[in-house]
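Chemist: The amino acid sequence is not available; the structure is as follows:
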């Protein structure tokens, strides 16, 4: 369907799995690199390579099989990607963007350099530098590398919290007294065409820093929405993203929009697009990287997405409870990721609740969350 | 997600492929039996068995691996299915239904026995019996077995056409002077719960007897629609279908509805449900056979589906033209079936055009049909 045939994905988690699922009709030959031989995308890909995304040789060797390389994960050996690119392999999004996204310090500097609103911050080399951050308190310390889903994050309420802080290169951000967390998902292709999805709103799990409910559309004033979309488009254009970009933002009590972080890949905040938007984020990402025209992003319904997480206290072969009951509520769609082993809070799947009435969708989603249990 | 884990499909064409694609999140282990090692579903299934659907041993041996067996094709060895069922394997839909559907003579008798409106007909053993059918002229002769997509069909305009007719067990049907051909798709689970899709209208290719455009919803009067839905539900209930049932019907110039034929499987007339209805026919079939609650069938938009057929005069490795241009029109979704080899009129894929305005969707679908070419 495009001029590219052999398409590589680093790595093969649920995001790659859903890309392969949603684009099984694209006529491509799919290659996956992952360090887990039982990774979710393995069942759906045409060719699987066992290897580390951080290893130069593994990534380079993988890339030499391909016509085009894309990712569902950002912590990849950049040197290998740049060498592949210099040897003629299209790599989308560009490794230069990954380099920025891999490092929360570079990410924050990028926002500052381009007048993109974000919370006040300082870069620190380690624990001793925290003394220079007292004017930012109460704050959050985030390690510059490899933090996600709440890992690598430390609260700094007072100077007394410095002693237990990370002693490694980090950013210290003034804590934002936010009203809401929202996300703008968009796709951009190499021609610079963009397609922006309706803004969504995230409700996080109070303890684990994981999205608990995702509401589409976000319940925010029009001008806030317009700001958020403008910022997301500015980031996509400035970085020259090719593929899907997710921009997570805080909305402050005063209605200001501040960028929290970005992901240059399909994203948890776009899973509902399978059922609730004209074109899913997974199809859209592939259209973008393959150089195809983008699809319409309109919502066909209000929707709430709920992650299905491994139950606390269970580790081992996953057993699911309550799925028929959840589905029986009507308008409930369950996606399991094919992970054999459950662990507490592991993302095992998600459910999307579709309802013309947004409140009703959220009410059902709360029930779905109570009904579906992952045990071992 | 259900009590069944190992699910078998006979065979592995595009219908099974799309079931596997749409239900990749169901957490099942999928087995496929097909006589073509390059069949479309092979890439997406967990376990592939090479074998003939008509062969007792192939079907029986395949079934012994499974927790549940279903089909995307009707011409299967019934004795093997019945033996598997008697040994405790759930087989959906029931082999007794397949037995009726495999034989157009039994199908017609079923309609007659249950007062289901259908065109006047007579069963004949072969060519010599045609002389008894003169009162049905102009008529159509259809072989009782193994005819589909226009094969096994012979026009009988006058007695002069008898000489070139099939000399095998057939039905002879009075030709219906119909206004439209429509299809009602529904799903029914083992509890007897049903979910009926909005009625669709089919526009056939004038030469090859293949659906060219499928319009959802059908443009028919309410009372005709109500008749059609009532008939489809009657058939599903009387047969005790578990799974998806497609009922193809003629609407006469007088507004009468006559059953043409049925398929007890997912069907070409439901491909648009992936994009244009709340629950796709593929997910719905699996919900039904797995004993899960059915999903809502509401249309989210008007849609037109167009089959992507192998171009005339081309046979060999398939090359596609015009797909980016078609997709670029907006609201156009292409599904290729992963068939390496094209042949004239082979079903290589389909495209669904989604538009709030049904006329606009049809206009675009005609353009899509002109744009997308399958060559070798």
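Modeler: Ah, there it is. Computed from a predicted model, the values in this text were never measured in an experiment.
Chemist: Near the nearest residue to residue A:65 once chain neighbours are set aside, how many residues? Count them for me, please.
Modeler: Closest residue to residue A:65 apart from its sequence neighbours, by CB to CB, 6 or more residues apart in numbering or on different chains: residue A:31 at 6.0 Å. In this view, the C-beta of every residue, glycine as well, is placed from N, C-alpha and C. By other CB atoms under 10 Å in any protein chain shown, 23 other residues sit near residue A:31.
Chemist: With residue A:369 as the reference, measure out to residue A:31.
Modeler: Separation of residue A:31 from residue A:369 (CB to CB, to the nearest Å): 36 Å.
Chemist: and if you look at residue A:287?
Modeler: Residue A:287 is 32 Å from residue A:369, by CB to CB.
Chemist: same deal with residue A:355?
Modeler: Applying CB to CB, the value for residue A:355 to residue A:369 is 15 Å.
Chemist: Can you say which helix or strand has the residue nearest to residue A:65 in it?
Modeler: Element membership for residue A:31 (DSSP states H and E) is strand A:29-34.
Chemist: ditto for residue A:232
Modeler: helix A:222-239.
Chemist: What is that helix packed up against?
Modeler: If you count contacts as 3 or more CB pairs under 8 Å, 6 or more residues apart in numbering or on different chains; DSSP states H and E, helix A:222-239 packs onto strand A:178-188, strand A:194-196, strand A:243-252, strand A:257-263.
Chemist: mind checking which of the ones you listed is nearest residue A:106?
Modeler: Closest to residue A:106 of the helices and strands packed on helix A:222-239, according to CB to CB: strand A:257-263, at 11.5 Å.
Chemist: For the closest one, give the mean pLDDT please.
Modeler: When pLDDT is averaged over strand A:257-263, the result is 97.
Chemist: What's the first helix or strand after that strand?
Modeler: helix A:273-276.
Chemist: Past that following helix, which element shows up next along the chain?
Modeler: Using DSSP H and E, the helix or strand that follows helix A:273-276 in sequence is helix A:281-289.
Chemist: residues in contact with the residue nearest to residue A:373 when sequence neighbours are not counted?
Modeler: Of all residues not flanking residue A:373 in the chain, residue A:321 sits nearest, at 4.3 Å (CB to CB, 6+ apart). Residues near residue A:321 by CB atoms under 8 Å, 6 or more residues apart in numbering or on different chains: A:371, A:372, A:373, A:374, A:375.
Chemist: For residue A:321, what are phi and psi?
Modeler: Per-residue torsions, residue A:321: phi -120, psi 150 (degrees, to the nearest 10).
Chemist: Let me see the ranges of the strands in the stretch 51-200 of chain A.
Modeler: A:68-71, A:121-124, A:139-143, A:153-156, A:170-174, A:178-188, A:194-196, A:200-204 (DSSP state E, counting those that start in this stretch).
Chemist: Identify the neighbouring strands of the last one in the sheet and state each direction.
Modeler: To tie it back to what came earlier, the one meant is strand A:200-204. Strand A:200-204 has the following sheet partners, assigned by DSSP bridges: strand A:178-188 (antiparallel), strand A:211-216 (antiparallel).
Chemist: close enough to count as contact, residue A:319 and residue A:372?
Modeler: No: using CB atoms under 8 Å, residue A:319 is not in contact with residue A:372; the gap is 11.5 Å.
Chemist: which of the two has more neighbours?
Modeler: residue A:372 (26 against 12).
Chemist: Would you agree that one is in contact with residue A:348?
Modeler: No: in this structure, residue A:372 is not within contact of residue A:348 by CB under 8 Å, at 9.4 Å.
Chemist: Could you name every residue contacting both of the two?
Modeler: In contact with both residue A:372 and residue A:348: residue A:308, using CB under 8 Å, 6+ apart.
Chemist: Could you list the low-pLDDT ranges of chain A?
Modeler: Counting by pLDDT under 70, chain A contains low-confidence residues at A:146-150, A:208-209.
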